[in-house]
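Engineer: Whatever this is, show me its structure:
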Amino acid sequence: MITVGSNNRFRRFGNLFAVFMTITSLMLIPAGTVFSDENAETVLRLHGSNTVGAELAPALAKAFIQQILHAENISGTPGSNLNEMTVSGSISGKKAEIEIRSYGTATGFTALKEKKCDIAMASRPISPKENKELQALGNMTTCRNEHVIALDGIAVIVHPINRLRSVNISDLAGIFSGKIRNWSETGGNGKEIHVYTRDEKSGTFQTFRNLALQGNRIAENAEICRYHEDIADKVARDPDGIGYVGLPYIFRTKALAVSDGESTALKPAPFTVKTEDYILSRRLFLYAPSPAPGSYTGRFIDFVLSPAGQQIVRDTGFVNLDIELSVTRTDPDQSSQNASVLDEYLQTVEKAQRLSLNFRFHSGSFDLDNKALADLERVTEFLQQKNFQELLLIGFADSEGDYNNNCNLARRRAEKIAGELGKKGIKPFSVYSACEEIPVGSNETEEGRAKNRRVEIWVR
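Structural biologist: Residues are numbered from 1 along each chain as shown. Just a heads-up that it's a prediction; the model follows:
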């Protein structure tokens, strides 16, 4: 039997042992470890694309928590992994946090399905399979759930001393699949090509695969890199290297002009990416269930699409959605099915300026995609602030089906935009059809055909 005195001694020993174990465990914790704040509230969780999550999402989160939630003492705390970041601020003495986890686009949709995040960041559109898996949260392809927040061009990069200036998609597919192994096969030196690529979870990889690889697999000897910066650094150090990165990550490398064999080779630049004429341009997305009015999710998306949010998009090196004007020149010597149609197009846009967007449509229809629906509001606001005397709408079609039918389809698409703008008090000067001419993408792929189904806007 234990007496009272011995019991007290036992308790004292237990307390000393507990203190000893606590001190010992603290000594084993790595320096710099951040403990969770029990008073902190996680107001938003963003998971998915590293392209969006590396720099853009943290910058947007910091501005949102400061400008919209009016927090003070804003900070960004890296997690135990480079793909993790927590943005926090103090609101009325309570800590508010935004969690950012950027392990690739696919992981964002998985986290959304498992209710581990509020918003999925994506550098490619959601796939039919992913959308089906998320059907309990709604149809993620509608404008209520899918939000284009920025544009990016996947730049194909080489070392600055590489003599190559442009590349077509066929050669690009050959290089990255390992079928073309020597630079001499592309007009370069006789050195072996060194290929650098992203990992398969990356939305950048998936977009590049869909747009450039023509059904091929990445070469087995390609070096896999986890981050855009890694590829840019390796190519900048390797005169025989080639890789692909998002537009903000070209750094000390050289970006090649790219064509698909049907269109003029274009370099990735803000205007060619904004119009999505650059063949490897892509959209950056936020996906979320339809947010309740006043929710953090809804307020964050609204902020991202606001002028303040779009300025942050620009500041971080991506291409924002603001409308700009440019004088572009179309090569009159490019091949055409109908020279008279091409000549009419060139005469129509002579001395005109082009708006930095294209309205795009779903296949065989007059239904605008989600970005185009949002662009109607942007175009209306832009034109109302200007005093242009002439507004030209020029419709295009892909090459699926009969040429004359596609000419009619292209015109009706331009008329569709004229009607939508007319409802908002904008009266276009004239409507034209450019039929299937001047393709900006390959008509052999769905991605290319989607680029070709468009309406351009020109003004004088």
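
Engineer: what kind of secondary structure is T204 in?
Structural biologist: helix (DSSP: H, G, I helix; E, B strand; the rest coil).

Engineer: what's the pLDDT at it?
Structural biologist: With respect to pLDDT, T204 has a value of 88.

Engineer: What of T33?
Structural biologist: For T33, pLDDT reads 34.

Engineer: And T316, how close does it get to T348?
Structural biologist: For T316, the distance to T348 equals 37 Å [C-beta to C-beta, to the nearest Å]. The C-beta positions use only the backbone N, C-alpha and C, and glycine is treated the same way.

Engineer: how about the helices in the stretch 251-400 of the chain?
Structural biologist: Using DSSP state H, counting those that start in this stretch, the helices of the stretch 251-400 of the chain run over 270-274, 296-305, 307-315, 339-348, 370-384.

Engineer: Would you mind telling me which of those is nearest N81?
Structural biologist: For these, the distance to N81 is smallest for helix 296-305, at 23.0 Å, taking C-beta to C-beta.

Engineer: any residues touching the closest one, and which ones?
Structural biologist: 43-44, 60-61, 63-64, 67-68, 118-119, 147, 149, 286, 288-289, 291-292, 309-310, 313, 321, 374 (C-beta atoms under 8 Å, 6 or more residues apart in numbering).

Engineer: do that again at 7 Å, thanks
Structural biologist: Applying C-beta atoms under 7 Å, 6 or more residues apart in numbering, the contact partners of helix 296-305 are 43-44, 60, 64, 68, 118-119, 147, 149, 286, 288, 291-292, 309.

Engineer: Take the residues you listed and keep only those in strands.
Structural biologist: Judged by DSSP state E, the contacts of helix 296-305 include 43-44, 119, 147, 149, 286 as members of strands.

Engineer: before we move on, back to that, T316 and T348 - which one has more neighbours?
Structural biologist: For T316 versus T348, neighbours defined as other C-beta atoms under 10 Å are more numerous around T316 (18 against 14).

Engineer: Show me what counts as buried in stretch 189-200.
Structural biologist: Under the neighbour-count criterion of 16 or more other C-beta atoms under 10 Å, stretch 189-200 has 193-198 buried.

Engineer: I'd like the distance from it to the chain centre, please.
Structural biologist: 24 Å (C-alpha atoms, centre = their mean, to the nearest Å).

Engineer: Touching that stretch from outside, list them.
Structural biologist: By C-beta under 7 Å, 6+ apart, the residues outside stretch 189-200 that reach it are 175-176, 180-184, 204-205, 218-219, 222-226, 231, 234-235, 238, 240-243.

Engineer: In terms of helices and strands, where is N404?
Structural biologist: Secondary structure assigned from DSSP states H and E places N404 in helix 403-423.

Engineer: For that helix, enumerate the helices and strands it packs against.
Structural biologist: Helix 403-423 sits against helix 370-384, strand 391-395, strand 430-433, strand 454-459, with contacts defined as 3 or more C-beta pairs under 7 Å, 6 or more residues apart in numbering; DSSP states H and E.

Engineer: which other helices and strands contact the second one?
Structural biologist: Using 3+ C-beta pairs under 7 Å, 6+ apart as the contact definition, the elements that strand 391-395 packs against are helix 339-348, helix 403-423, strand 430-433, strand 454-459.

Engineer: So what's the predicted local confidence for the residue positioned nearest the centre of the chain?
Structural biologist: The chain has L284 as the residue nearest its centroid, 2.4 Å off, counting by C-alpha atoms, centre = their mean. You'll see L284 listed with a pLDDT of 96.

Engineer: Now do the same contact list for it.
Structural biologist: 51-52, 123, 149-152, 318.

Engineer: Same list, the helices of the stretch 251-400 of the chain, but as a markdown table with distance to T445 please.
Structural biologist: Shown next, in a markdown table, are these (distance: least, C-beta to C-beta, whole Å):
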| stretch | distance to T445 |
| --- | --- |
| helix 270-274 | 19 |
| helix 296-305 | 29 |
| helix 307-315 | 28 |
| helix 339-348 | 23 |
| helix 370-384 | 19 |
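
Engineer: Figure out which of the ones you listed is closest to G448.
Structural biologist: Closest of those to G448 is helix 270-274, at 15.2 Å (criterion: C-beta to C-beta).

Engineer: Among the contacts of stretch 189-200, which are located in helices?
Structural biologist: In this view, the contacts of stretch 189-200 that belong to helices under DSSP state H are 175-176, 204-205, 231, 234-235.

Engineer: Turn those residues into CSV, columns for neighbour count and distance to D343.
Structural biologist: Formatted as CSV, these follow (neighbours: other C-beta atoms under 10 Å; distance: C-beta to C-beta, whole Å):
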residue, neighbour count, distance to D343
I175, 23, 37
F176, 27, 38
T204, 27, 39
F205, 22, 41
I231, 27, 43
K234, 17, 47
V235, 29, 42
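
Engineer: Taking those residues together, which two end up most distant?
Structural biologist: Between any two of those, the greatest separation by C-beta to C-beta is 16.9 Å, found for I175 and T204.

Engineer: what secondary structure does M85 sit in?
Structural biologist: Following three-state DSSP, the label given to M85 is strand.

Engineer: Pretty sure it sits against P58.
Structural biologist: Yes. Counting by C-beta atoms under 7 Å, P58 is a contact partner of M85 at 5.2 Å.

Engineer: Lowest-scoring secondary structure element of this protein by mean pLDDT?
Structural biologist: helix 4-28 (a mean of 40; mean pLDDT, DSSP states H and E).

Engineer: follow-up on the earlier one: out of the buried residues of stretch 189-200, name the ones that lie in strands.
Structural biologist: Those of these lying in strands (DSSP E): 194-198.

Engineer: that older thread, so which of the helices of the stretch 251-400 of the chain gets nearest S263?
Structural biologist: helix 270-274 (11.1 Å).

Engineer: now the closest one, how far from the centre of its chain.
Structural biologist: 13 Å.

Engineer: pLDDT of it, averaged?
Structural biologist: Here the average pLDDT along helix 270-274 is 91.

Engineer: For it, name the packing helices and strands.
Structural biologist: Secondary elements touching helix 270-274 (3+ C-beta pairs under 7 Å, 6+ apart): strand 146-153, strand 353-360.

Engineer: Deepest-packed of these, please.
Structural biologist: By mean neighbour count, with neighbours taken as mean count of other C-beta atoms under 10 Å, strand 146-153 ranks first of the helices and strands packed on helix 270-274 at a mean of 24.

Engineer: Is F208 in a helix, a strand, or coil?
Structural biologist: Criterion first, three-state DSSP; result for F208: helix.

Engineer: possible to save the helices and strands packed on helix 270-274 as a markdown table with mean pLDDT and distance to E420?
Structural biologist: Formatted as a markdown table, the helices and strands packed on helix 270-274 follow (pLDDT from 0 to 100; distance: least, C-beta to C-beta, whole Å):
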| stretch | mean pLDDT | distance to E420 |
| --- | --- | --- |
| strand 146-153 | 95 | 18 |
| strand 353-360 | 94 | 9 |
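
Engineer: Turn these into a markdown table, including distance to S166.
Structural biologist: Output for those, formatted as a markdown table (distance: least, C-beta to C-beta, whole Å):
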| stretch | distance to S166 |
| --- | --- |
| strand 146-153 | 15 |
| strand 353-360 | 22 |
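
Engineer: Mind checking those for the one nearest to V459?
Structural biologist: Closest approach to V459 among these is made by strand 353-360 (5.5 Å; C-beta to C-beta).
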